[in-house]
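Trainee: make a model of this:
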Amino acid sequence: MEKLIAHLKSQGFIFQGSEIYGGLANSWDYGPLGVEVKNKLKQAWWNHFVRKNPYNIGLDSSIILNSSVWKASGHIDGFNDPLIDCKKCNSRWRADKLIEEFNSEINAGVMTENQMEEFIKEQNIKCPKCQACDFTQIRKFALMFKTNQGVLEDESSSVYLRPETAQGIFINFKNAQRSLRKKLPFGIGQIGKSFRNEITPGNFIFRTREFEQMELEFFFNPSDEKDWFSYWLNEVETFLQDKIQINKENYRVRSHEKDELAHYSTATSDIEFKFPFGWGELWGVAHRGNFDLNAHQEASKQDLTYLDPTTNQKVLPHVIEPSVGVERMMLAILWQAYHEEDLGEGNSRIVMKLPYNLAPYQIAVMPLQKQQNDQALALYSNLLNNFDVTYDETGNVGKRYRRQDAIGTPFVITVDFDTPETNSVTVRERDSMEQVRINLDELETYLKAKF
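Mentor: From the prediction side, this is the model:
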């Protein structure tokens, strides 16, 4: 992980947030290359789950919502973590995580606070910082960031940064359905920022306090006989394997046991990825029933039912939710792509084997010598019309190849001494390092076929 983080910083993918002021814990900025990968990932998700799916439409809801939304959804009363302090060094920890790190086979999420306290005492679980075994009682720690709207700072002006994007979809279910005259089943997708005041964030960008979610809420009639849960679980795997080329050996599907399920859920499956620190949740697919729509209908006194045009009956739809964090997906992609290769004879390279559709640049154009600059620049300008291209003229050819390998550029095109006479260039592929000679008249056709 340390090697990956250092590489991503040096190459312009991800920087420490507020670095010139000593940084801000758990804050990360996406550099010139990182933002390209991130935007392409979000675009790939949007294309697969919204734009090119016949059932779904999109939405972009507000980050700050009426506090009644979070009261109705249960977040104000129930969205908290079990906080415990070490009496010796005053460090703070999540009690459930201390237990699960002590024994990975235990699901502490189903334990009561008393059970967690007793387990920590009985097993003599130590403070990770000072190794003491003396903790305070567990107290609840609210995960939502609270702020004030307007000029007065009192309870009447209190609002929250959203901890998830889903509620913005639920409260707009009726608006979206009516405006586009959608019939069940249909889904609403959204990509947006969420905020959680995590006690123990960490593992680089795996768990952060500010993050982006790619969420879909799929609404259907509970009498619908189709297995929509399996349908969306399959779509998630199709996206992982076909759209962003996550190796099947690097992830697994784990169905939640009954005692793990949220009180409103009848089924949940997690896609877990093998990160450098171990298996971690990447993507969740949950059957939420009609919990959310029912809660907002009761709290708002608004009719959120759907009128079935065939049966003329009112239905409160059930929901399947495939939800994934952009940062976690980024970490999975970047970790899988990072390779250190021994080329023999004392040579080596670091190469980011990113999927072609997610690489910051698809192509690098470079002149062999300064004499070819004009023709190389002309080719670069022409390719910009159809591809994401960078231009590289600094250093010898070998160093430039290594530089493009290190940032994951799939193809490098070199304009050399033979180009004017043969009307051809050398095209080098990143992963195999194989080079072929391509006529300039056929170059774009060749490249489009590759992408």
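
Trainee: and the residue nearest the centre of the chain, how far from Arg403?
Mentor: The centre of the chain sits closest to Val326, judged by CA atoms, centre = their mean, with a distance of 1.6 Å. Going from Val326 to Arg403 by CB to CB, to the nearest Å gives 27 Å. (C-beta placed from N, C-alpha, C; glycine too.)

Trainee: now the nearest residue to the residue nearest to the centre of the chain once chain neighbours are set aside: which helix or strand?
Mentor: In space, and not counting its chain neighbours, Val326 is closest to Glu212: 3.9 Å by CB to CB, 6 or more residues apart in numbering. Using DSSP states H and E, Glu212 falls within strand 210-220.

Trainee: direction included, what does that strand pair up with?
Mentor: Strand pairing for strand 210-220, using DSSP bridges, gives strand 186-195 (antiparallel), strand 318-325 (antiparallel).

Trainee: most tightly surrounded among these?
Mentor: strand 318-325 (a mean of 22; mean count of other CB atoms under 10 Å).

Trainee: run the chain-centre distance for that strand.
Mentor: 14 Å (CA atoms, centre = their mean, to the nearest Å).

Trainee: tell me how far the next helix or strand after it lies from the chain's centre.
Mentor: Going down the chain from strand 318-325, the next helix or strand is helix 326-337, by DSSP H and E. Relative to the centre of its chain, helix 326-337 is centred 8 Å away, using CA atoms, centre = their mean.

Trainee: what's the angle between helix 326-337 and strand 210-220?
Mentor: 100 degrees (axes from the mean of the first three to the mean of the last three CA atoms, to 10 degrees).

Trainee: which other residues reach helix 326-337?
Mentor: 4, 8, 13, 28, 34, 37-38, 41-42, 191, 204-206, 208, 211-214, 244, 246-247, 250-251, 273, 275-276, 280-283, 352-355, 358, 408 (CB atoms under 8 Å, 6 or more residues apart in numbering).

Trainee: how about 6 Å then?
Mentor: Residues outside helix 326-337 that contact it (CB atoms under 6 Å, 6 or more residues apart in numbering): Ile205, Phe206, Thr208, Phe211, Glu212, Asn250, Phe273, Leu282, Met352, Lys353, Leu354.

Trainee: same thing with stretch 385-396?
Mentor: Tyr361, Gln362, Ile363, Ala364, Val365, Met366, Pro367, Tyr380, Leu383, Arg400.

Trainee: repeat the analysis, applying 8 Å as the threshold.
Mentor: Contacts of stretch 385-396 (CB under 8 Å, 6+ apart): 36, 359-367, 370, 373, 376-377, 380, 383, 400, 403-404, 409, 444, 447-448, 451.

Trainee: Ser269 reaches Arg252, doesn't it?
Mentor: No - using CB atoms under 8 Å, Ser269 is not in contact with Arg252, being 10.3 Å away.

Trainee: the two - which one has more neighbours?
Mentor: Ser269 (20 against 13; other CB atoms under 10 Å).

Trainee: doesn't that one lie inside a strand?
Mentor: Yes - secondary structure of Ser269 (DSSP: H, G, I helix; E, B strand; the rest coil): part of a strand.

Trainee: return the distance of it relative to Glu260.
Mentor: 11 Å.

Trainee: swap in Lys52?
Mentor: 33 Å.

Trainee: what ranges do the strands span in the stretch 151-300 of the chain?
Mentor: Using DSSP state E, counting those that start in this stretch, the strands assigned to the stretch 151-300 of the chain run over residues 158-161, 186-195, 210-220, 251-255, 267-275, 278-289.

Trainee: who wins for proximity to Trp70 among the ones you listed?
Mentor: strand 158-161 (5.7 Å; CB to CB).

Trainee: and the strand holding Glu212, how far out from the chain middle?
Mentor: 11 Å.

Trainee: would you mark the buried spots in it?
Mentor: Neighbour-count burial for strand 210-220 flags Glu210, Phe211, Glu212, Gln213, Met214, Glu215, Leu216, Glu217, Phe218, Phe219, Phe220 (criterion: 16 or more other CB atoms under 10 Å).

Trainee: who's in contact with the nearest residue to Thr238 once chain neighbours are set aside?
Mentor: In space, and not counting its chain neighbours, Thr238 is closest to His48: 7.9 Å by CB to CB, 6+ apart. Contact analysis of His48 by CB under 8 Å, 6+ apart lists Glu235, Thr238, Phe239, Lys243.

Trainee: low-confidence regions, this structure specifically.
Mentor: Applying pLDDT under 70 to the chain flags residues 155.

Trainee: scan it for its longest helix.
Mentor: In the chain, taking DSSP state H as the definition, the longest helix is helix 32-46.

Trainee: on that earlier part again, what subset of the contacts of stretch 385-396 is buried?
Mentor: 36, 359-367, 376, 380, 383, 400, 403-404, 409, 447.

Trainee: which of those residues fall within strands?
Mentor: Counting by DSSP state E, these place Ile363, Ala364, Val365, Met366, Pro367 in strands.

Trainee: can I assume the second one is in contact with Thr414?
Mentor: No - the criterion here is CB under 8 Å, and Ala364 misses it with Thr414 at 9.2 Å.

Trainee: overlap in contacts, these two.
Mentor: Counting by CB under 8 Å, 6+ apart, nothing touches both Ala364 and Thr414.

Trainee: check the gap between the residue nearest to the centre of the chain and Tyr160 for me.
Mentor: 21 Å.

Trainee: does Thr426 belong to a helix, a strand or coil?
Mentor: strand.

Trainee: what's the burial count for it?
Mentor: Per other CB under 10 Å, the neighbour tally for Thr426 reads 17.

Trainee: then His296?
Mentor: Neighbours of His296 (other CB under 10 Å): 20.

Trainee: which residues does it contact?
Mentor: Contacts of His296 (CB under 8 Å, 6+ apart): Val69, Ala72, Ser73, Phe170, Ile171, Gln302, Leu304.

Trainee: same list, those, but as a markdown table with secondary structure please.
Mentor: Putting the contacts of His296 into a markdown table (three-state DSSP) gives the following:
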| residue | secondary structure |
| --- | --- |
| Val69 | helix |
| Ala72 | helix |
| Ser73 | helix |
| Phe170 | helix |
| Ile171 | coil |
| Gln302 | coil |
| Leu304 | coil |
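
Trainee: ok, Thr305 touching Asn290?
Mentor: No - using CB under 8 Å, Thr305 is not in contact with Asn290, being 9.7 Å away.

Trainee: so what sits against both of those two?
Mentor: Residues touching both Thr305 and Asn290 by CB under 8 Å, 6+ apart: Leu316.

Trainee: re earlier: are any of the contacts of His48 buried, and which?
Mentor: Looks like the contacts of His48 have Glu235, Phe239, Lys243 buried, using 16+ other CB under 10 Å.

Trainee: stretch 40-48: which residues count as buried?
Mentor: Quick answer for stretch 40-48 (16+ other CB under 10 Å): Lys40, Leu41, Ala44, Trp45, Trp46, His48.

Trainee: show me which of these is closest to Ser91.
Mentor: Leu41 (34.8 Å).
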